[in-house]
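S.K.: below are the sequence and a predicted model; questions follow.
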Amino acid sequence: MGSEAEKLKSIIGIDSELNKLQDLDVLLERILTEARRVLEADAGSIYIVDGKALVINYAQNDTLQAKLPAGQKLIYNIFRIPIEKTTISGYAAATGEPVNIPDVYSIPPDAPYSYNPKYDRDAGYMTKSNLTVPLKTNTGQILGVIQILNKTDRDGVVIPFDKDDELMLTHFAANATVALQRAQMTRAILLRMIKMAELRDPKETGPHVNRVAGYSVEIYERWARKNDVPNDQIEKTKDSFRMAAMLHDVGKVAISDVILKKPGRFTDAEFDVMKTHAWHGARLFINKQSEFDELAQVVALNHHENWDGKGYPGHIDIESGDATKADKAGKPRGKKGREIPIFGRIVAIADVYDALRSHRVYKEAWTEDDTLREMKAMSGTKFDPDILDVFFEVLPSIQTISSKYKDHDE
């Protein structure tokens, strides 16, 4: 990276980039990536406060990543750490102070914290240097912890983090926390919109929409890289797309409770009404102000279209709901194949996978094997075969997201 002055200049430049990101998950991943890059750390993780515990949100490790097939992401376990002084990250959160350890296997016996070597054994990795800094607001509230591991020199040798590294990461964490507070507020607003839909349809829960959005971003990122989309465009689109995917079924607020909460099968007439939620959702974003509004409209309108043209709502005018292309019966003709925008094709897969894997009052959750078998069976009819192939490529990451956003009753 160069001199300390160059590192500091880079961190200051990153600050403005972080302030452009609105989605919480995308921001957290970016914070960790940039902190590791500037301070030349081989690995790291980021934790967010949840009650009296820290919950891991992202983990990265260049050494382990290099052992994976091209395009595959590192899989990490979701776990909680109590906010108390017995662990390194817990100590940083409990005290609000950074912790800089040259060698985690040589922590003095009188230190209040210790390092659990089980993490290294499970991962097949050797941690040495560790720099852990709290994500602390200007009022002293701890939002989380960023932990970076194994600083490397130009020869790839692991060396300790020095005092300048500590000061730079503390500065970076302070500015990242401002962006984090804003992203948490944005997420809260989106979840309030979801809560309105949940009052009408119990299936539209916070965990469900976070899973669908997370799956969708993983699929999009792999698809985009395979199709040579520039990295800056991928990062920009991920931010808006994740938020848009959360609102895929927000149009259900316009559907009668008599239909939404009916325990049995819909009649044909009821199903026709139910299908209008895609149109109602798209109408919420007619007065587009941003790329998020554009993507939210595309997702809401198109995530129930089928690859074979038998989905809904089809070719309609968003303002009136009238057909712009009609079938022989005068009804809107379903969009077919690549007439369906890529973001609709992606969310269609993410939504169906999560619906099959989830418990509902009218059905038990399907097993993973049964779900994947059914997904494969719908290739070329309901789903774009190419996007479905990408879904299977990122399945390990999708399963990690599933464990991260469990339903409240699990």
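M.R.: Everything's here; your move. The shown structure was predicted, so the numbers you read here are calculated from the model rather than taken from an experiment.

S.K.: which secondary structure elements does the strand or helix carrying residue 49 sit against?
M.R.: In this assignment (DSSP states H and E), residue 49 forms part of strand 41-50. With contacts taken as 3 or more Cβ pairs under 8 Å, 6 or more residues apart in numbering; DSSP states H and E, strand 41-50 sits against helix 24-39, strand 53-61, helix 62-65, helix 88-95, strand 142-152. Every residue, glycine included, has its C-beta placed from N, CA and C.

S.K.: name the residues of that strand that are buried.
M.R.: Buried residues in strand 41-50, counted by 16 or more other Cβ atoms under 10 Å: 41, 42, 43, 44, 45, 46, 47, 48, 49.

S.K.: name the nearest residue to the fourth one, ignoring sequence neighbours.
M.R.: Using Cβ to Cβ, 6 or more residues apart in numbering and skipping residues adjacent in sequence, the residue nearest residue 44 is residue 148, 3.9 Å away.

S.K.: ok, now the second one?
M.R.: Leaving out its chain neighbours, the residue that sits closest to residue 42 by Cβ to Cβ, 6+ apart is residue 150, at 4.0 Å.

S.K.: list the residues that contact that neighbour.
M.R.: 41, 42, 43, 127, 128, 129, 158 (Cβ atoms under 8 Å, 6 or more residues apart in numbering).

S.K.: is the fourth one in contact with residue 119, as I believe?
M.R.: Yes. Between residue 127 and residue 119 there is a contact under Cβ atoms under 8 Å: 7.2 Å.

S.K.: more neighbours: which of these two?
M.R.: Shown here are residue 127 and residue 119; by other Cβ atoms under 10 Å, residue 127 has more neighbours (20 against 14).

S.K.: if I look at the more buried one, how far off is residue 279?
M.R.: Distance, residue 127 to residue 279, by Cβ to Cβ, to the nearest Å: 53 Å.

S.K.: all strands for the stretch 101-250 of the chain, in order.
M.R.: 130-136, 142-152, 158-159 (DSSP state E, counting those that start in this stretch).

S.K.: nearest to residue 272 among these would be which one?
M.R.: Closest approach to residue 272 among these (Cβ to Cβ): strand 142-152, 46.3 Å.

S.K.: tilt between that closest one and strand 41-50?
M.R.: 170 degrees (axes from the mean of the first three to the mean of the last three Cα atoms, to 10 degrees).

S.K.: what ranges do the helices span in the stretch 201-350 of the chain?
M.R.: Taking DSSP state H, counting those that start in this stretch, the helices of the stretch 201-350 of the chain run over residues 206-226, 231-246, 257-260, 268-275, 277-283, 291-302, 342-357.

S.K.: switch these over to a markdown table; also include mean pLDDT and mean neighbour count.
M.R.: Below are those laid out as a markdown table (pLDDT from 0 to 100; neighbours: other Cβ atoms under 10 Å):
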| stretch | mean pLDDT | mean neighbour count |
| --- | --- | --- |
| helix 206-226 | 95 | 23 |
| helix 231-246 | 95 | 20 |
| helix 257-260 | 82 | 14 |
| helix 268-275 | 91 | 13 |
| helix 277-283 | 95 | 22 |
| helix 291-302 | 96 | 22 |
| helix 342-357 | 97 | 22 |
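
S.K.: out of those, which comes closest to residue 16?
M.R.: helix 231-246 (14.0 Å).

S.K.: which neighbouring elements make contact with that closest one?
M.R.: Using 3+ Cβ pairs under 8 Å, 6+ apart: helix 231-246 touches helix 24-39, helix 163-200, helix 206-226, helix 291-302, helix 342-357.

S.K.: could you dump the ones you listed to TSV with distance to residue 384?
M.R.: As requested, these are arranged in TSV below (distance: least, Cβ to Cβ, whole Å):
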stretch	distance to residue 384
helix 24-39	24
helix 163-200	26
helix 206-226	10
helix 291-302	12
helix 342-357	5
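
S.K.: out of those, which is closest to residue 333?
M.R.: Nearest to residue 333, of all the helices and strands packed on helix 231-246, is helix 291-302, at 13.9 Å by Cβ to Cβ.

S.K.: now the closest one against helix 231-246, angle please.
M.R.: Using the same axes, to 10 degrees, helix 291-302 lies at 50 degrees relative to helix 231-246.

S.K.: helix 291-302 packs against which elements?
M.R.: helix 231-246, helix 277-283, helix 342-357.

S.K.: gap between residue 324 and residue 339?
M.R.: With distances taken as Cβ to Cβ, residue 324 is found 12 Å from residue 339.

S.K.: tell me which of the two has more neighbours.
M.R.: Shown here are residue 324 and residue 339; by other Cβ under 10 Å, residue 339 has more neighbours (16 against 12).
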